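**Q** how would this look folded up:
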Amino acid sequence: MTAGTVRGFAAAVAVVLAAAAAGAQESSNVVATQTDWSVFVEESPKECWAVSAPKEWAATDRSDRPTSVRRGDIRFFVAYRPGGARGEIAYTGGYPFAEGSTVTVEIGDARFELFTDGEWAWPASPEEDARLMEAMRRGQQAIVTARSGRGNNTRDIFSLLGFTAATTEAERRCPAG
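**A** Numbers count the residues shown, from 1 in each chain. I've put the predicted structure just below:
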């Protein structure tokens, strides 16, 4: 993903986050809810998203002691755009990540590293997106760990119940061609 794509992705996601913050069930952008995942659709330009928030999260300080931290929205996204993104995965932890750090996603025995840029993290390639997507379809939960610019560590647990149905619905609503 290029810097320009990152900025465009972040801007589009801001719309989804705003809708989620306003009450996802009442938003006109939410078109379906599949257990723990929701499907959002934007019409101009046409974009579809499967989105989930963590079921639980925790933070520790540099000495690995539990700590209280303030975070913005914490979300896992999968994007689809006609003629563009096909299952592009992104994560936002609700804070700026430590410079040069990576985010780790664990699903069962599988482990994935996401590169970071500000408050966003992505797989390094379309092939890594596909590998992570397949693991998410087979798994029950995703455990995401990251380090903030302040040195705190976070651990977010996302349910994967409804992931396959939500991504299938998002892809159906934003077909490839």
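
**Q** wait, doesn't Cys48 sit right on Pro175?
**A** No. At 9.5 Å, Cys48 does not count as touching Pro175 under the criterion of CB atoms under 8 Å. C-beta: built from backbone N, CA, C; applies to glycine.

**Q** Between these two, which is the more surrounded one?
**A** Set Cys48 next to Pro175 and count neighbours by other CB atoms under 10 Å: Cys48 wins out with 23 against 12.

**Q** Doesn't that one belong to a strand?
**A** Yes. Using DSSP: H, G, I helix; E, B strand; the rest coil, the assignment for Cys48 is a strand.

**Q** residues touching it, list them.
**A** By CB atoms under 8 Å, 6 or more residues apart in numbering, Cys48 lies in contact with 39-42, 79-81, 170-171, 173-174.

**Q** Please report the distance of it from Cys174.
**A** Distance of Cys48 to Cys174, given as CB to CB, to the nearest Å: 4 Å.

**Q** Need the residues touching each of the two.
**A** 41, 80-81.

**Q** who wins for neighbours among the residues you listed?
**A** Tyr80 (25 neighbours).

**Q** Please report the distance of the residue lying closest to that residue once chain neighbours are set aside from Phe163.
**A** Of all residues not flanking Tyr80 in the chain, Cys174 sits nearest, at 4.0 Å (CB to CB, 6 or more residues apart in numbering). Using CB to CB, Cys174 is found at 17 Å from Phe163.

**Q** Which one's more surrounded, the two?
**A** The residue with more neighbours, out of Cys174 and Phe163, is Phe163; 25 against 22, by other CB under 10 Å.

**Q** my guess is the more buried one meets Ala50, correct?
**A** Yes. Checked against CB under 8 Å, the pair Phe163 and Ala50 is within contact range at 7.1 Å.

**Q** shared neighbours, those two?
**A** Contacts common to Phe163 and Ala50, judged by CB under 8 Å, 6+ apart, are 34, 37.

**Q** so who does Ala59 touch?
**A** Taking CB under 8 Å, 6+ apart, one finds 66-69, 71, 152-155 in contact with Ala59.
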